[in-house]
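K.L.:
give me a model of this one.
(one chain, ligands or ions: 1)
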Amino acid sequence: MAYLKVSGTKVVDQNGKEVILRGAGLGGWMNMENFITGYPGCEFQIREALAGVVGEQKSEFFFDKFLEYFFTDADAAFFKSLGLNCIRLPFNYRHFEDDMNPRVLKPEGFKHLDRVIDLCAKHGIYTILDLHTAPGGQNTDWHADAGTHIANFWNHKDFQDRIVWLWEELAKHYVGNTWIAGYNPLNEPTDPYHTRIIGVYDRLYEAIRKIDPHHALFLDGNTFASDFSHFGDAHKRWDNVAYSIHDYSVFGFPASPEPYQSSETQLRRLRRSYEKKRQWMDERGLCVWNGEWGPVYARKEYEGERTDAINTERYQVLKDQLDIYNKDRLSWSIWLYKDIGFQGMVFVSRETPYMTLFKDFLAKKHRLAIDAWGADESHIREVYKPLIDLIKSEVKPEHQNLYPAPVWKLSDRVGRLSRNILVSEFLVQEWAEHFRGKSEAELDEIARSFSFESCLHREGLNKILTDNATQVAQEN
Ligand SMILES: O[C@@H]1[C@@H](O)[C@H](O[C@@H]2CO[C@@H](O[C@@H]3CO[C@@H](O)[C@H](O)[C@H]3O)[C@H](O)[C@H]2O)OC[C@H]1O
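P.N.:
Numbers count the residues shown, from 1 in each chain. Alright, predicted model coming up:
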């Protein structure tokens, strides 16, 4: 088998035949995330706290088991059975490099990444490698695992040098693997100047190409993969490159301004927001990949009787987005394959040791709405309102919209910082305390909660994805 490559607006195989990549992201795995895996704050914080409670060795044991159970042969077989053909694999740089020992490769970082790439290959599934965190934080949100909202990656050349180094190591390791559809070198950059990102991409492109001339690169736009307007003529220097948008629609979230009814106006807005993100590529005849999209879902324990009605609307958003993408023959990767019940195609059952152990804690997290992204925060809005009002009354209007505005409005910024970062930090130790005194066998059982066999299926979502796969196969 030969490498996939980008040709004009398409991804093609060795015979030049178009391959449309349709799949999902394995978020929450090699980059754990608050709402996906159920902890507060950032991954580095809970790793540190758990080591403090159960000791370094048991903590490593737990996380290793978690990584193992999270994706196994059964997951790959199931994924393939839905008619999907590609999994995006987000990973945290810390698996490969220690901040206290920079530029020294941790070979153990490859253990689970290699395993999952091979499992996917065995089932005929392509993978795309996604560096989801960079030293210093490449964006302002919690999933960059920096513990702050300042994306310092852009302010320190050394942080940038380190990911160039890391991609050289990854390219050396994966250069011969044709089941890897390509490299997605940096998730959701937020460079406030909009220009340093181009320099970093130039450096990554050159460094990777010297070692690996084969694999396609999937480059995210700035501002959470939504904005290519400052990319100018940069594409002329890059070959075999696709450009990645993240097409989250507000209609798929609790923050939706109105119930979603597929009205003409709403469909127009859905399409317009997608077209705006891909405009730069369309003007130049470049290949687009939608690397993240998809609604979040209501849960009976929180949304009660409204759950089914809410989710029917969310599925409609999903279907309408798919219609748009199908017309454009777009390659995409839905967010998310697996989680504890908010967005995933499969989710950990409430009856498992992990979910039982954390039942009350998860309810508390929900009360505090500390997983700020996608959360319904209406029940705590009044708590933060005085702060927002104070800023609004004392700060000049022209200074209120700090980057990443307009994607983050003032209220988003206050919400993300105060809940995701500030309040979350106070709960990190409490999360870790749940493990105190646990034996290795118990830790193994808790980690096993994330195995395919312990998960339930989001039938509505999976049916839409399978029906879509069948429909597009018939049309081709
Ligand atoms: O790890 C993922 C992460 O990659 C992803 O990041 C968020 C993507 O969306 C950003 O907000 C959206 C911006 O556009 C608006 O139209 C949408 O309504 C917003 O959701 C957000 O700031 C990023 O953090 O999200 C999920 C993580 O698990």
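K.L.:
can you give me the strands for the stretch 301-450 of the chain?
P.N.:
331-334, 338-339, 346-348 (DSSP state E, counting those that start in this stretch).
K.L.:
now the second one: how far from the chain's centre is it?
P.N.:
Put plainly, it is strand 338-339. 11 Å (C-alpha atoms, centre = their mean, to the nearest Å).
K.L.:
just checking, what packs against that strand?
P.N.:
helix 34-37, strand 346-348 (3 or more C-beta pairs under 8 Å, 6 or more residues apart in numbering; DSSP states H and E). Where C-beta positions appear, they are placed from N, C-alpha and C, glycine not excepted.
K.L.:
give me the contacts around it.
P.N.:
Strand 338-339 is contacted by residues 26-29, 35-37, 70-71, 75, 344-348, 450, 455 when judged by C-beta atoms under 8 Å, 6 or more residues apart in numbering.
K.L.:
is the ligand within reach of that strand?
P.N.:
No. Applying C-beta under 6 Å from any ligand atom, one finds strand 338-339 separated from the ligand by no less than 8.9 Å.
K.L.:
let me see the mean pLDDT of that strand.
P.N.:
For strand 338-339, the mean per-residue pLDDT is 98.
K.L.:
sheet-wise, list the partners of that strand with their directions.
P.N.:
Within its sheet, and counting by DSSP bridges, strand 338-339 is paired with strand 346-348 (parallel).
K.L.:
do the longest one as well
P.N.:
For strand 331-334, sheet partners with direction are given as strand 22-25 (parallel), strand 287-292 (parallel), following DSSP bridges.
K.L.:
restricting to C-alpha, output that strand in PDB.
P.N.:
C-alpha atoms of strand 331-334 as PDB (Å, rounded to 0.1, in the frame of the first residue of the first chain):
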ATOM      1  CA  SER A 331     -13.300  14.700   4.700                       C
ATOM      2  CA  TRP A 332     -14.100  15.100   8.300                       C
ATOM      3  CA  SER A 333     -13.500  13.800  11.800                       C
ATOM      4  CA  ILE A 334     -16.300  14.200  14.300                       C
END
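K.L.:
tell me which residues are up against that strand.
P.N.:
With C-beta under 8 Å, 6+ apart, strand 331-334 has contacts from 11, 19-25, 86-88, 128, 242, 288-294, 325, 345, 465.
K.L.:
how near is residue 161 to residue 219?
P.N.:
Counting by C-beta to C-beta, to the nearest Å, the gap from residue 161 to residue 219 is 19 Å.
K.L.:
between the two, point out the one with more neighbours.
P.N.:
residue 219 (26 against 14; other C-beta atoms under 10 Å).
K.L.:
isn't that one up against residue 244?
P.N.:
Yes. At 6.3 Å, residue 219 counts as touching residue 244 under the criterion of C-beta atoms under 8 Å.
K.L.:
between these two, which contacts overlap?
P.N.:
In contact with both residue 219 and residue 244: residue 184, using C-beta under 8 Å, 6+ apart.
K.L.:
quick one: name the residues of this protein near the ligand.
P.N.:
Of all the residues in the chain, those lying near the ligand are 27, 33, 141, 143, 187-188, 224, 246, 248, 250, 253, 292, 335, 373, 407, going by C-beta under 6 Å from any ligand atom.
K.L.:
just those residues: which are in helices?
P.N.:
Under the assignment DSSP state H, the residues of the chain next to the ligand contribute residue 224 to helices.
K.L.:
of the residues of the chain next to the ligand, select the buried ones using a PyMOL command.
P.N.:
Selection command for PyMOL covering only the buried members of the residues of the chain next to the ligand, criterion 16 or more other C-beta atoms under 10 Å:
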select buried, resi 27+33+141+143+187+188+224+246+248+253+292+335+373
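K.L.:
remind me which residues of the stretch 301-450 of the chain are low pLDDT?
P.N.:
For the stretch 301-450 of the chain, applying pLDDT under 70 flags no range at all.
K.L.:
need the helices for it, in chain order.
P.N.:
307-327, 353-357, 359-368, 381-394, 410-415, 424-425, 428-433, 440-448 (DSSP state H, counting those that start in this stretch).
K.L.:
tell me which of those helices sits most buried.
P.N.:
helix 424-425 (a mean of 20; mean count of other C-beta atoms under 10 Å).
K.L.:
centre of the chain to that helix, how far?
P.N.:
The answer for helix 424-425 is 20 Å, by C-alpha atoms, centre = their mean.
K.L.:
got it, and stretch 378-388?
P.N.:
27 Å.
K.L.:
before we move on, what about stretch 90-109?
P.N.:
Using C-alpha atoms, centre = their mean, the offset of stretch 90-109 from its chain centre is 19 Å.
K.L.:
do you know how far the residue lying closest to residue 68 once chain neighbours are set aside is from residue 123?
P.N.:
Using C-beta to C-beta, 6 or more residues apart in numbering and skipping the chain neighbours, the partner closest in space to residue 68 is residue 112 (6.9 Å). Residue 112 sits 17 Å away from residue 123, going by C-beta to C-beta.
K.L.:
so for those two, which residue has more residues nearby?
P.N.:
residue 112 (20 against 16).
K.L.:
tell me the pLDDT of the more buried one.
P.N.:
98.
K.L.:
okay, the host helix or strand of it in CSV with CA atoms only?
P.N.:
Assigned by DSSP states H and E, residue 112 falls within helix 110-122. Only the C-alpha atoms of helix 110-122 are listed here, as CSV (Å, rounded to 0.1, in the frame of the first residue of the first chain):
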residue,chain,number,x,y,z
PHE,A,110,5.2,5.4,21.4
LYS,A,111,3.9,2.3,23.3
HIS,A,112,0.1,3.1,23.0
LEU,A,113,0.3,5.3,20.0
ASP,A,114,2.0,2.5,17.9
ARG,A,115,-0.4,0.0,19.4
VAL,A,116,-3.5,1.9,18.3
ILE,A,117,-2.2,2.9,14.9
ASP,A,118,-1.5,-0.8,14.3
LEU,A,119,-4.9,-1.9,15.6
CYS,A,120,-6.6,0.6,13.3
ALA,A,121,-4.5,-0.5,10.3
LYS,A,122,-5.4,-4.1,11.0
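K.L.:
same for it, what does it pack against?
P.N.:
Using 3+ C-beta pairs under 8 Å, 6+ apart, helix 110-122 sits against helix 56-70, helix 73-81, strand 86-91, strand 126-131.
K.L.:
so the third one versus helix 73-81, what angle?
P.N.:
To tie it back to what came earlier, the one meant is strand 86-91. 140 degrees (axes from the mean of the first three to the mean of the last three C-alpha atoms, to 10 degrees).
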